[in-house]
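> Here you go, sequence then predicted model.
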Amino acid sequence: MSLLKTSFIFLVTLCHSEGLVEFCAEYSKDSNEYSLHVVKNLNMEPDSSWVFPDSIVCTVYNGEPIWEIEYSLNAPHDSSEAEFIGGCVTFDATPSTDTLCLKPKIAIINLNPVNRDVLHIHKKNAKETLPFYYRKRFKGHWNAKLAGTSYVYEKRFEAVIIGSCNMKKKIIAEYCIDQFHRLVLDQEHDYIPRYIFAPATECNVCNKKYSENISASIAFQKGHFTPIEEMMYKNCEDYFLKESFLIPQGIKKEKPLYGKTLPIKLEAEIQSDSTHRKDSYDANIRVSGPCKE
């Protein structure tokens, strides 16, 4: 029997905090922002008391249940969220008209490591003031809702900032190689911070003379970076990796790339009124192997 017309709210709340997430902090060009990156995720099991419906309308795209999952952090801050400039609109997956997913269930509770809106935080003089909070616990709240029902599942947890990030060693995404000689984005492990090149107060919307030219490259061979034109794009303040891009023609053999961690370099040249500057950002991607058909 379908439970889509259920009129009551089934809410499960964890009364006591449990679980501990570890973050590292990355500081922006502006001293008043920092970004959190997941070092150790929750990996918590659902409560044994949680009850799931028998069926739910699936997404049109992949036939999976539509989970609306979000979390919040009471991380150290001293500025309101309204001070962020700009923002992007996202569209939720649309339900199918006739397909049902049977016995939807949460297998494990984890935080989305690429939740840019939650993980970018304003704090005045962050690089100087945030270390005071290292290793001190703060609260977090996770919740999931099944779209089309009134079922809501909640968890409370605690988190700590263990120190400053070393992003040069961080693997931000995993790629596979398909039959068309392309690197295809398989999984995002982390995100590219918003303010890596320009501070939050530098408004590219209100400044007509603002321009930002971005380029990306990958070191397929140690110390030698090859430019990749279609690797990254920018939408609003956020930088995103493309879903796929061609491997350079000079790379004839794919198998030697399997299992390798490849350094990437993002470079930007910015003109803002009379200010001109160049900057770069380093991270890594990993090649898992051939794509599954």
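Cool, got the structure.

> how about stretch 265-276 as CSV, C-alpha atoms only?
Once non-C-alpha atoms are left out, stretch 265-276 reads as follows in CSV (Å, rounded to 0.1, in the frame of the first residue of the first chain):
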residue,chain,number,x,y,z
LYS,A,265,46.3,23.5,-10.8
LEU,A,266,43.6,26.2,-11.1
GLU,A,267,44.8,29.7,-12.1
ALA,A,268,43.0,33.0,-12.3
GLU,A,269,43.8,36.4,-13.6
ILE,A,270,41.6,39.1,-12.1
GLN,A,271,40.9,42.7,-13.0
SER,A,272,38.8,44.7,-10.5
ASP,A,273,38.7,48.4,-11.2
SER,A,274,42.4,49.4,-11.1
THR,A,275,43.5,46.2,-9.2
HIS,A,276,45.1,43.4,-11.3
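
> Report the contact partners of residue 243.
Residues in contact with residue 243 (CB atoms under 8 Å, 6 or more residues apart in numbering) are 184, 185. Heads up, the C-betas are built off the backbone N, CA and C, glycines and all.

> switch the cut-off to 6 Å
residue 185 (CB atoms under 6 Å, 6 or more residues apart in numbering).

> Phi and psi next, for it.
For residue 243, the backbone dihedrals are phi -70, psi -30 (criterion: degrees, to the nearest 10).

> tell me the helices in this structure, going along the chain?
According to DSSP state H, the chain carries its helices in the segments 116-119, 126-129.

> Those helices: which one's closest to residue 143?
helix 116-119 (12.7 Å; CB to CB).

> Now mean neighbour count, mean pLDDT and distance to residue 105 too, for the helices of the chain, in TSV please.
Compiled in TSV, these are given as follows (neighbours: other CB atoms under 10 Å; pLDDT from 0 to 100; distance: least, CB to CB, whole Å):
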stretch	mean neighbour count	mean pLDDT	distance to residue 105
helix 116-119	18	93	25
helix 126-129	16	92	39
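
> So for the residue nearest the centre of the chain, what's the nearest residue that isn't a sequence neighbour?
Among the residues of the chain, the one closest to the centroid is residue 114, at 0.9 Å (CA atoms, centre = their mean). Closest residue in space to residue 114, ignoring its immediate chain neighbours: residue 191 at 4.2 Å, by CB to CB, 6 or more residues apart in numbering.

> gap between that neighbour and residue 55?
34 Å (CB to CB, to the nearest Å).
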